[in-house]
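# Quick check, what structure comes out for this input:
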Amino acid sequence: MEPVRILSLEEIDLSSIEFWLLPEEQREGAFATLRAEDPIRFFEEIDIPGIPIPKGPGYWALTRHAHILEASRTPDLFSSARGATSIPDLPPEMNEFFGGMINMDDPRHGRQRRIISRGFTPRALASIEAAVEKRAQSIVDRVIDKGECDFVTEIAAPLPLEIICDMVGIPESQTRFVFEKTNLILGLGDPEYLQEGVNPLAAALGAGSELAALMREMAEERRGNPREDLTTALIHAVGDEDVLTDEEIASFFVLLVVAGNETTRNAISHGMKAISDNPEQRRRWWDDFEGLAPTAVEEIVRWATPVIFMRRSLTRDATLGGRDLREGDKVVLWYSSGNRDESVFDAPYRFDVGRKPNEHVGFGGPGPHYCLGANLARREIRLMFREIRRRLPDLEITGAPEMLRSNFIHGIKHMPCRFTPGGAR
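Numbers count the residues shown, from 1 in each chain. So this is what the prediction gives:
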């Protein structure tokens, strides 16, 4: 895919709903124009239909890779505490409930991250490698005789969802419930997930509250009956270790199932579309799967950029890229644009499973908010594609992806695929 630059600089409006309904190549063209002509550009905010939040003061769009890195590395200046996952200013309690530690600065952020990282150590992740492999095999088992299926809902989505539920200790009977609630929370702008006339904030709070209630119930049960799962690790201290409060656990769970489920699902989906569209890259990877897996996975994450942006707010006056910014200003880090920056990536619109170097920001920029689950996501992507190569080697995408209507998640809702029934057993 090559960018199509049909919009002039003055015609680009990243706040407009219509902009996010344009074909992807036209949106890519707009970001290419911004990087070239005005890489730190101010945009007005708009009133969002159905959401009773006052119109915000506007924001600066960071579209170059270097500026995204600089903002990510200086959290004392570029704060997350006023909201990182939404451009509009949400009520503080909503920020913390849905974003958890993503919407915090140190020391609160550091404390929660230290506690939660117990479940994401190299040792902990190595211990679930077999579980990821087993889940990938089970997913293929369910579809292998069909010859065709919805790649997103039947292959890409179940793996991260089931692994997260396994880690936390959620029974399989509840995985569908978790899937539906996370779809709703991240699909508030999409009519497939939110019925017309329903208040988006009320719907999100309702879905989040139901997920939180499930987690509180589980945490209470684990206090009396500890198990070998992440929930138990977060509520039982060892020695001088700190633990999360009930409210912190509930907020973390909402963050984990929403972020960990949706992002990896979309990376796998975009990755499958990319290797289908680039058969020479598929052959190259299939011929040396393990040798190319590390670079192929990184390229899939760069190509997909599942999270389109994160926001920061200035804690004091500063200058970035020659632009004077003021205390309180909002800046939006457009990861999707940074991952196509021509000054950093050779032929950025070419999918290359052997790309080196590949300093993408698909897991966020460097600094304290770099994705805690990045290594888990890498394992899931690698093992899912290994299973596809092994048992569904001729799987091909047969129709255009049905995209999520969102400026935050680069999501694919549905995508048909076809393969030889029975595959390679």
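# List of residues touching stretch 315-333?
If you take C-beta atoms under 8 Å, 6 or more residues apart in numbering as the criterion, stretch 315-333 is touched by 14, 39-40, 56-62, 64, 66-68, 70-72, 76-79, 87, 309-314, 361, 365. (Each C-beta comes from the backbone N, C-alpha and C, glycine too.)
# Which positions within that stretch qualify as buried?
315, 318, 320, 323, 325, 329-333 (16 or more other C-beta atoms under 10 Å).
# And stretch 236-256, by the same measure?
244, 248-256.
# just stretch 270-278 next, same as before
In stretch 270-278, counting by 16+ other C-beta under 10 Å, buried: 270-276, 278.
# Pipe these into TSV and attach pLDDT, distance to residue 168 and secondary structure per row.
Shown next, in TSV, are the buried residues of stretch 270-278 (pLDDT from 0 to 100; distance: C-beta to C-beta, whole Å; DSSP: H, G, I helix; E, B strand; the rest coil):
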residue	pLDDT	distance to residue 168	secondary structure
270	98	26	helix
271	98	25	helix
272	98	27	helix
273	98	29	helix
274	98	30	helix
275	97	31	helix
276	97	33	helix
278	98	36	coil
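# Return the member of those residues nearest to residue 127.
residue 271 (25.1 Å; C-beta to C-beta).
# The closest one touches residue 298, doesn't it?
No. Using C-beta atoms under 8 Å, residue 271 is not in contact with residue 298; the gap is 10.9 Å.
# Spatially, what comes nearest to residue 373 if we skip its sequence neighbours?
Among residues not flanking residue 373 along the chain, residue 260 sits closest, at 5.3 Å (C-beta to C-beta, 6 or more residues apart in numbering).
# What score does that neighbour have for pLDDT?
Residue 260 carries a pLDDT score of 80 in this model.
# where does the stretch 301-425 of the chain have low pLDDT?
Within the stretch 301-425 of the chain, the ranges that satisfy pLDDT under 70 run 424-425.
# gap between residue 181 and residue 173?
15 Å (C-beta to C-beta, to the nearest Å).
# Looking at those two, which one has more neighbours?
Remark: of residue 181 and residue 173, residue 181 carries more neighbours, 20 against 7, as counted by other C-beta atoms under 10 Å.
# Doesn't the more buried one belong to a strand?
No. Using DSSP: H, G, I helix; E, B strand; the rest coil, the assignment for residue 181 is helix, not a strand.
# Hmm, it is touching residue 213, no?
No. Residue 181 lies out of contact with residue 213 (C-beta under 8 Å); the separation is 10.7 Å.
# got the contact list for residue 108?
So residue 108 contacts residue 101 (C-beta under 8 Å, 6+ apart).
# ok, it to residue 80 distance?
10 Å.
# what is in contact with those two at once?
By C-beta under 8 Å, 6+ apart, residue 108 and residue 80 have no common neighbours.
# Check whether the residue most central in space within the chain sits in a helix, strand or coil.
With distances taken as C-alpha atoms, centre = their mean, residue 263 lies nearest the centre of the chain, 3.2 Å away. Three-state call for residue 263 (three-state DSSP): helix.
# wait, doesn't the residue nearest to residue 373 sit right on residue 164?
Yes. With contact defined as C-beta under 8 Å, residue 260 and residue 164 form a contacting pair (5.1 Å).
# Now distance to residue 230 too, for the buried residues of stretch 315-333, in JSON lines please.
Below are the buried residues of stretch 315-333 laid out as JSON lines (distance: C-beta to C-beta, whole Å):
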{"residue": "315", "distance to residue 230": "33"}
{"residue": "318", "distance to residue 230": "38"}
{"residue": "320", "distance to residue 230": "38"}
{"residue": "323", "distance to residue 230": "42"}
{"residue": "325", "distance to residue 230": "39"}
{"residue": "329", "distance to residue 230": "37"}
{"residue": "330", "distance to residue 230": "33"}
{"residue": "331", "distance to residue 230": "33"}
{"residue": "332", "distance to residue 230": "31"}
{"residue": "333", "distance to residue 230": "28"}
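# out of those residues, who's nearest residue 7?
Taking these together and measuring to residue 7 by C-beta to C-beta, the closest member is residue 332, at 18.1 Å.
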